[in-house]
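Student: Sequence plus predicted model, see below.
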Amino acid sequence: MSKAAFTAARVLSLDEKDSGIDKAIGRLNTSRISASGTDDKKFSRRQPLRLTNLNTGLSTMVFAMGGQSVTRDGIAIDYDSRHALGLKFHDKEVSLQVRPASKIQVVRYFLKHPDVGYRLGIQLGALGAGLGFLSVTQMLVQAIRAMVG
């Protein structure tokens, strides 16, 4: 697991091309992104990040990307991420905790994703996994009964 984490003091707005609920990009200074993906003190490209507004407690998830115009203590996010964190459009000085998202947090995020395509896909996948587990459990119970009796 990556040990990379920091508290962002500045927030910038992303360009139109990087914005949208289907992208969820968080641009960090390139010095915080590992070029090889092996440095555990830096974030990997496209790594899911959990952003938490330390003032409000609200959080959201974005995917890490590098950005030359972002300062080392800042992060650039889109309007939807700002809204999810309870930030106003004019807010520049913030206190955002940036850390890698766990696998459970990623699944929770996609279960509640604002885009129905993402949300439905993961919900159907979870339903399929649950029904598959139920089916395997039933087959194991029948096999054990056949061996015992």
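Tutor: Structure's in. What do you need? Numbering: from 1, shown residues only.

Student: shouldn't Gly67 be in contact with Arg27?
Tutor: Yes: judged on C-beta atoms under 8 Å, Gly67 makes contact with Arg27 at a distance of 3.3 Å. For every residue, glycine as well, the C-beta is placed using N, CA and C.

Student: Give me the common contacts of these two.
Tutor: Taking C-beta atoms under 8 Å, 6 or more residues apart in numbering as the criterion, Gly67 and Arg27 both touch Ala76.

Student: Could you pull out the helices in the protein for me?
Tutor: Ranges of helices in the chain, per DSSP state H, are 79-84, 103-111, 116-148.

Student: what about Pro100, how many neighbours?
Tutor: Neighbour count for Pro100, taken as other C-beta atoms under 10 Å: 19.

Student: so what's it bridging to?
Tutor: Leu49 (DSSP bridges).

Student: what's the nearest residue to Gly37 if we skip its chain neighbours?
Tutor: Closest residue to Gly37 apart from its sequence neighbours, by C-beta to C-beta, 6 or more residues apart in numbering: Ser44 at 4.7 Å.

Student: Enumerate every residue touching the one you found.
Tutor: Contacts for Ser44 (C-beta under 8 Å, 6+ apart) come out as 2, 33-34, 37, 64.

Student: in this protein, which ranges drop under the pLDDT threshold?
Tutor: Applying pLDDT under 70 to the chain flags residues 1-2.

Student: Got the domain ranges for this protein?
Tutor: Taking automatic domain parsing as the reference, the chain has its domains at 6-101, 115-148.

Student: Would you convert the ones you listed into a markdown table that also reports distance to Arg108?
Tutor: Formatted as a markdown table, those follow (distance: least, C-beta to C-beta, whole Å):
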| stretch | distance to Arg108 |
| --- | --- |
| domain 6-101 | 9 |
| domain 115-148 | 10 |
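
Student: Flag every buried residue along stretch 20-38.
Tutor: Neighbour-count burial for stretch 20-38, counted by 16 or more other C-beta atoms under 10 Å, picks out 24-29, 32-34.

Student: just to revisit the earlier point, export the contacts of Ser44 as TSV, with columns for distance to Phe133.
Tutor: Formatted as TSV, the contacts of Ser44 follow (distance: C-beta to C-beta, whole Å):
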residue	distance to Phe133
Ser2	30
Ile33	38
Ser34	36
Gly37	33
Ala64	33
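
Student: Return the set of residues that bridge with the most centrally placed residue in the chain.
Tutor: The centre of the chain sits closest to Met61, judged by C-alpha atoms, centre = their mean, with a distance of 3.4 Å. Bridge pairing for Met61 (DSSP bridges) gives the partners Arg50.
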